[in-house]
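Visitor: coordinates only, sequence not included:
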């Protein structure tokens, strides 16, 4: 009896070992597939990998130099339109580049500027950060932990990251796993690539998310008192930029206008005080009336009609801001 | 603290690592402490409620069986009962008390205690009530046997149902009564308590009730060991969302020493992986699809919506609630196996049911069997003619609906299931045999699945207006859109393979089959579950739906 039990337990152990090895093999296979198959064809990853070189090129180009840092809303900034509008306004050229990380927020934009500019002591004349809702300048949950681990931070950054940005056990575990496995870090992309095989999946996912987001904003489920908004990421951003002598311009973007004439979101006075107090800039484009409903793809993304109008206006505003800056500096 | 949160697994590891090194009694003590810590993470104030229920049912069980407590035992339990009652009902601001204690600020600590006489009224009254009960115990012991048994049973039932009714249904019934009066033009100002619902109250109350009833019926023996009974009530793997365990199944596992085996550990691992997959991959990825449809229905925003899109929303919810609830049950069973316990199977391929009665033998089995044994059969069951049978069915399902939540939509859901149970019985529809009547079986499964989905519409909708809006779109705005087809494909992507595997293995009943296939097939199954959990878990985590019940 005991010998048969012991033999079955031994068989069980061997089986468990083989299965564990199979699981490890599957993980290795995913890692190789991500590196060999996903990485070379992903334009997004290619772009993220190019950030260090492009940041250096921008910082060493003749002034003025403007870096646009943000998410998919910032991706609608057309650099050629900005440059041509700038040239027609000032008669000079401007060096511009954009550093876009999809599904990101202010904390990520801080880390992008830190990793590729501030930490390297590279100084563009202006870093432009665009936000488009009431939470835009406030602290919120870190979204793109995989990118943060692989591209935007170093091991030295972990104490600060774990103290302020990655507060939950799950986020920290996600971050650490992402540092050791590219496949894990890129899991959202892997998922999207697979699900994109479903016809019209992107449209379906976007509509579903938009609907949930819209109703969540309009009718919050929780009756509990919302937690007070904090601005640690913003404070840290402006403090570091000031230390390095880099100007950051925060742009309040106009989301798709509703029926009401009032702006879609409010800006907390303390954020404006914080920005002005640290010598940074703020542009309020929430009232840009020329952007009408049909110029948007969805709630916040401009379409082909809206982009030229917005880019022209942005170029004009940035030129005005920089001219003012230079005039102030000369005085 | 949920199974889908890493903190839970850290706590579990802290329990599991020393567990098998300890002797049986210390294992029980460790599990009891871990269970209270686990529950305390939800809301530590309700620990006193669980303790209260535990003491009342412990005394009740012994009282029904005719076992007397000694004077010292009575005194100890009286202290526990009265202290729990005071701590539960006393308006102590525990956060402030703890902060004051940490800071050594005695003024702040005093400020956290009840301040006025009015604040002492409820705790004092509750303490007097329970103190009186303990004082009268010798009198109750002296009653004639039949009367004594009935008295202790009634006290236990009143206490359990009273707690459940007070915390879960008071506001609902008072609110409904006020609305009824208002419909007659009478404006009444009625008190509303706005209590937070204690997590898992419906589950542990039903479990505790079954203990006393089973002793009364002579189906189980009471335990004299208070710690064992307390562990039976609050065993953490299934505490907040079941399965609801009967005393004759779980209590012996608590009382007797447990054995460890590699096979049980293996089955536990398979169950935990399966459960996590169902929750974080299936349920949480279905939630946004279902929400996007139901939120529009709730706000009457149905312009441009097609019937097929509503249908996809309902399908998504059907798989969400299945993944969510059966996922919890699977994990609960899995980690219980690691601790040497065997919990009952709570789900058995419910969407392969062929008739309503077959569905209730497969869905939330521990609740449906509880309702059958303690409600349907005592109400007459099918022993006194058709009329009694249908009445019993309707009443049982109505209460089953109400058990899920204090809302008229849950009542409607229960009544709907009662109705389809009656209609199927009236029509004499028999379960098709899967092996010999394949086509008939497939048709019955298809019809039953859609009838179940229609029921989920009541269950998920926030109001009857939303139900009406959904039915209106389904009937008057029917068209098959590309959006709906994409949604269907997404559902198939997440649920398809799971259902094929569950169909092949006969769900958890035949889970051991997976251990007898060649190792690489088993490995592929594990790899699929683990990789889907690691790579395809939802970006957003959702709380288990049944925690609110």
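Guide: Now that the structure is in, tell me what you want to look at. Values in this document were obtained by computation on a predicted structure and should not be read as measured data. Residues are numbered from 1 along each chain as shown, chains lettered A, B, ... in the order given.

Visitor: Check whether stretch B:280-295 comes near chain A.
Guide: Yes - shown here: stretch B:280-295 in contact with chain A (C-beta under 8 Å from any C-beta of the partner chain) through B:288, B:289, B:291, B:292, B:295. In this view, the C-beta of every residue, glycine as well, is placed from N, C-alpha and C.

Visitor: For the residues you listed, give me CSV that also has distance to residue B:236 and secondary structure.
Guide: As requested, the residues of stretch B:280-295 next to chain A are exported to CSV (distance: C-beta to C-beta, whole Å; DSSP: H, G, I helix; E, B strand; the rest coil):
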residue, distance to residue B:236, secondary structure
B:288, 30, helix
B:289, 32, helix
B:291, 29, helix
B:292, 34, helix
B:295, 34, helix
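
Visitor: Residues of chain A that sit close to chain B?
Guide: A:9, A:12-13, A:15-16, A:18-19, A:22-23, A:26-27, A:30, A:169-170, A:173, A:183-184, A:187-188, A:190-191, A:194-195, A:198-201, A:203-204, A:207-209, A:211-212, A:215, A:219.

Visitor: Narrow those residues to those that are buried.
Guide: A:12, A:15-16, A:19, A:22-23, A:26-27, A:30, A:183-184, A:187-188, A:190-191, A:195, A:198, A:200-201, A:204, A:207-208, A:211-212, A:215 (16 or more other C-beta atoms under 10 Å in any protein chain shown).

Visitor: Now, those that are in helices?
Guide: Of those, the ones assigned to helices by DSSP state H are A:12, A:15-16, A:19, A:22-23, A:26-27, A:30, A:183-184, A:187-188, A:190-191, A:195, A:201, A:204, A:207-208, A:211-212, A:215.

Visitor: re the thing from before, out of the residues of stretch B:280-295 next to chain A, the closest to residue A:234 would be?
Guide: The shortest approach to residue A:234 among the residues of stretch B:280-295 next to chain A belongs to residue B:288, at 29.3 Å (C-beta to C-beta).

Visitor: since we're on the closest residue to residue B:337 other than its chain neighbours, how many residues are nearby?
Guide: What sits nearest to residue B:337 in space, not counting adjacent residues and going by C-beta to C-beta, 6 or more residues apart in numbering or on different chains, is residue B:268, at 3.5 Å. Close neighbours of residue B:268, defined as other C-beta atoms under 10 Å in any protein chain shown, add up to 20.

Visitor: List the residues that contact residue B:268.
Guide: Contacts for residue B:268 (C-beta atoms under 8 Å, 6 or more residues apart in numbering or on different chains) come out as B:333, B:334, B:335, B:336, B:337, B:338.

Visitor: Turn the residues you listed into TSV, columns for pLDDT, neighbour count and secondary structure.
Guide: TSV is the format used below for these (pLDDT from 0 to 100; neighbours: other C-beta atoms under 10 Å in any protein chain shown; DSSP: H, G, I helix; E, B strand; the rest coil):
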residue	pLDDT	neighbour count	secondary structure
B:333	95	26	helix
B:334	95	24	helix
B:335	94	25	helix
B:336	95	23	helix
B:337	95	23	helix
B:338	95	21	helix
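
Visitor: now the helix-or-strand element of chain B with minimal mean pLDDT, how far from the chain's geometric center?
Guide: For chain B, scoring each helix and strand by mean pLDDT, DSSP states H and E identifies helix B:170-183 as the least confident one, at a mean of 77. In terms of C-alpha atoms, centre = their mean, to the nearest Å, the centre of helix B:170-183 is set 26 Å apart from its chain centre.

Visitor: One more: stretch A:117-124?
Guide: 18 Å.

Visitor: in that stretch, what counts as buried?
Guide: A:117, A:118, A:122, A:123, A:124.

Visitor: if you look at the least confident helix or strand of chain B, does any of it touch chain A?
Guide: No - contact of helix B:170-183 with chain A is not found when judged by C-beta under 8 Å from any C-beta; the minimum separation is 13.5 Å.

Visitor: So which bits of that helix are buried?
Guide: So for helix B:170-183, counting by 16+ other C-beta under 10 Å, buried means B:170, B:171, B:172, B:178.

Visitor: That helix: what's the following helix or strand?
Guide: Remark: after helix B:170-183, the chain's next helix or strand is helix B:201-216, criterion DSSP states H and E.

Visitor: Mean confidence (pLDDT) on that next one, please.
Guide: Per-residue pLDDT over helix B:201-216 has a mean of 92.

Visitor: which element follows it toward the C-terminus?
Guide: Past helix B:201-216, the next helix or strand by DSSP H and E is helix B:226-234.

Visitor: so who does residue B:523 touch?
Guide: Under the criterion of C-beta under 8 Å, 6+ apart, the neighbours of residue B:523 are A:18, A:19, A:22, A:23.

Visitor: Next: residue A:278.
Guide: Here residue A:278 is in contact with A:238, A:239, A:241, A:242 (criterion: C-beta under 8 Å, 6+ apart).

Visitor: ok, it to chain B distance?
Guide: 33 Å (C-beta to the nearest C-beta, to the nearest Å).

Visitor: next one: phi and psi at that residue?
Guide: When quoted as degrees, to the nearest 10, the phi and psi of residue A:278 stand at phi -100, psi 10.

Visitor: neighbouring contacts of stretch B:63-73?
Guide: Contacts of stretch B:63-73 (C-beta under 8 Å, 6+ apart): B:59, B:62, B:77, B:137, B:140-141, B:145, B:148-149, B:151-153, B:155-156, B:212, B:215-216, B:221-222, B:224.

Visitor: Just the buried ones from the residues you listed?
Guide: Listed as buried from the contacts of stretch B:63-73 are B:59, B:62, B:77, B:137, B:140, B:148-149, B:151-153, B:155-156, B:212, B:215-216, B:221-222; burial here means 16+ other C-beta under 10 Å.

Visitor: Can you flag which of these belong to helices?
Guide: Taking DSSP H as the definition of helices, the buried ones among the contacts of stretch B:63-73 contribute B:59, B:62, B:77, B:137, B:140, B:148-149, B:151-153, B:155-156, B:212, B:215-216.

Visitor: quick one, phi/psi of the residue in the stretch 301-450 of chain B that chain A sits nearest to?
Guide: Nearest to chain A in the stretch 301-450 of chain B, going by C-beta to the nearest C-beta, is residue B:301, at a distance of 8.6 Å. With angles defined as degrees, to the nearest 10, residue B:301 sits at phi -90, psi 70.

Visitor: ok, now how distant is it from residue B:294?
Guide: Residue B:301 is 11 Å from residue B:294, where distance means C-beta to C-beta, to the nearest Å.

Visitor: more neighbours, these two?
Guide: Per other C-beta under 10 Å, whichever of residue B:301 and residue B:294 has more neighbours is residue B:294, with 22 against 14.
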